[in-house]
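Asker: quick one: sequence plus predicted model below, questions after.
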Amino acid sequence: MALKIRLTRQGAKKRPFYRVVVAEASSPRDGRYIERLGTYNPMLPKDDENRVSLNGERIQYWIGNGAKATDRVARLMASAGLGEKPVSNNPEKAKPKAKAQERLREQEEARKAAEEAAAAEAEAPAEEAPAEEAPAEEAPAEEAAAEEAPAEDAEQKAEA
């Protein structure tokens, strides 16, 4: 006999109210149940203390006896501190499909290329500015070297 901790709907039309119950997995949603464990009123504000009321001791007893909580009841239990929040049913479904992933890759590559081009442009003017100043500084050095060269030629002729 597989047991489930699940919700059964009560209340009027368009005014839902749920009971948290333990029932056989094969019984209908609003059918026979074994024990009532709490209530859930979605019409109340989320911060209202009466929105969810659970009997934690009995829930732990039934979980110990093999009952499995449905996704919604597991979330209610997690918010009440009686268990951990369940993982999403299908996290892969939210990922983009192949074409969208390809477009994202192309956009990323284009963005990187633009950043590299901008970085190259930022570096190029910085290199050109000292290069323009350098010839002005080298000109006196070349003149000094030219003045030294005839002096060396004169020394070599004197030795010969």
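Answerer: Arrived safely. Model, not experiment: these values are computed from the prediction.
Asker: for the nearest residue to residue 27 once chain neighbours are set aside, list the residues it contacts.
Answerer: Computed as C-beta to C-beta, 6 or more residues apart in numbering, the closest residue to residue 27 that is not its neighbour in sequence is residue 33, at 7.1 Å. C-beta coordinates here come from the backbone N, C-alpha and C atoms, glycine included. Residue 33 makes contact with 8, 19, 21-23, 27 under the criterion C-beta atoms under 8 Å, 6 or more residues apart in numbering.
Asker: and residue 30, by the same measure?
Answerer: Contacts of residue 30 (C-beta under 8 Å, 6+ apart): 8-9.
Asker: and if we set it to 10 Å?
Answerer: 7-10, 19, 21, 23 (C-beta atoms under 10 Å, 6 or more residues apart in numbering).
Asker: quick check, nearest of the residues you listed to residue 49?
Answerer: Using C-beta to C-beta, residue 19 is the member of these that sits closest to residue 49, with 17.7 Å.
Asker: from the contacts of residue 33, which shows the smallest pLDDT?
Answerer: Within the contacts of residue 33, residue 27 has the lowest pLDDT, namely 88.
Asker: and that one, how far from residue 6?
Answerer: Computed as C-beta to C-beta, to the nearest Å, the residue 27 to residue 6 distance reads 10 Å.
Asker: which neighbours do the two share?
Answerer: 21, 33.
Asker: what are the boundaries of the strands in the protein?
Answerer: 3-12, 15-24, 35-40, 52-54, 68-69 (DSSP state E).
Asker: any chance of those strands in CSV, plus distance to residue 89 and mean neighbour count?
Answerer: Below are these laid out as CSV (distance: least, C-beta to C-beta, whole Å; neighbours: other C-beta atoms under 10 Å):
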stretch, distance to residue 89, mean neighbour count
strand 3-12, 16, 16
strand 15-24, 20, 18
strand 35-40, 20, 18
strand 52-54, 21, 18
strand 68-69, 14, 18
